[in-house]
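Enquirer: Coordinates only, no sequence provided:
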């Protein structure tokens, strides 16, 4: 059942505070996993949310939950295309970039460094992470911060509050659909 994962890991995306979130879920039947993904896509698509199976290993699935319009805007930001070009991306179209990201996930033992761009992290922090190999950050929250610590801390607090509120409301009976902000 993917619903608890959506609340626990994706509340900021559901609330339209963040472009995307990732989570790993165990599954016993791939057909059932794909059925659930299709069901959630049908239910949340009208509100601008998409779920994509990025990678599966054994009985675990890496699920990417995103707002296509936000991702499209993020990929068009100044400085993003040159960074992606360095990792073999030929352009910044959403569908193409998602296919390329899936391929990169198969090629890499860990996460490809550009994945932060797909999660809505600030470009400067993604570049800082790459240049510093994940070390020497100013602070850590939802991501490692190398640039604007003050703004990042504000964002981390908004995200934390969002998760707390969504978890509480979901536990009180609200559905994921009810909690999802329309595009």
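Expert: Good, I have the coordinates. Quick caveat, the model's predicted, so the values are computed rather than measured. Numbers count the residues shown, from 1 in each chain.
Enquirer: List the buried residues in stretch 155-175.
Expert: 155-156, 159, 162-163, 166, 170 (16 or more other C-beta atoms under 10 Å). The way it works is simple: take the backbone N, C-alpha and C, and place the C-beta from them, glycine included.
Enquirer: can you give me the helices in the protein?
Expert: 3-14, 30-44, 68-75, 80-85, 94-107, 115-118, 123-131, 149-171, 176-179 (DSSP state H).
Enquirer: re earlier: and the buried residues of stretch 155-175, which is closest to residue 4?
Expert: Lowest distance from residue 4 to the buried residues of stretch 155-175 (C-beta to C-beta) belongs to residue 170, with 8.2 Å.
Enquirer: quick one: pLDDT of residue 178?
Expert: With respect to pLDDT, residue 178 scores 97.
Enquirer: Identify the bridge partners of residue 145.
Expert: residue 139 (DSSP bridges).
Enquirer: To clarify, my last question referred to residue 50.
Expert: Bridge pairing for residue 50 - DSSP bridges - gives residue 66.
Enquirer: From residue 14, how far out is it?
Expert: 12 Å (C-beta to C-beta, to the nearest Å).
Enquirer: Mutual contacts of the two, please.
Expert: residue 65 (C-beta atoms under 8 Å, 6 or more residues apart in numbering).
Enquirer: Comparing those two, which shows the higher neighbour count?
Expert: Counted by other C-beta atoms under 10 Å, residue 50 and residue 14 do not tie: residue 14 has more neighbours, with 23 against 19.
Enquirer: Show the contacting residues for that one.
Expert: Shown in contact with residue 14 (C-beta under 8 Å, 6+ apart): 6-7, 49, 65, 166, 176, 179-181.
Enquirer: Tell me how far it lies from residue 34.
Expert: Residue 14 is 21 Å from residue 34, where distance means C-beta to C-beta.
Enquirer: go on, residue 11?
Expert: Distance from residue 11 to residue 34, by C-beta to C-beta: 24 Å.
Enquirer: Which one of those two is surrounded by more residues?
Expert: residue 11 (26 against 13).
Enquirer: so the more buried one touches residue 162, yeah?
Expert: Yes - under the criterion of C-beta atoms under 8 Å, residue 11 makes contact with residue 162 at 5.1 Å.
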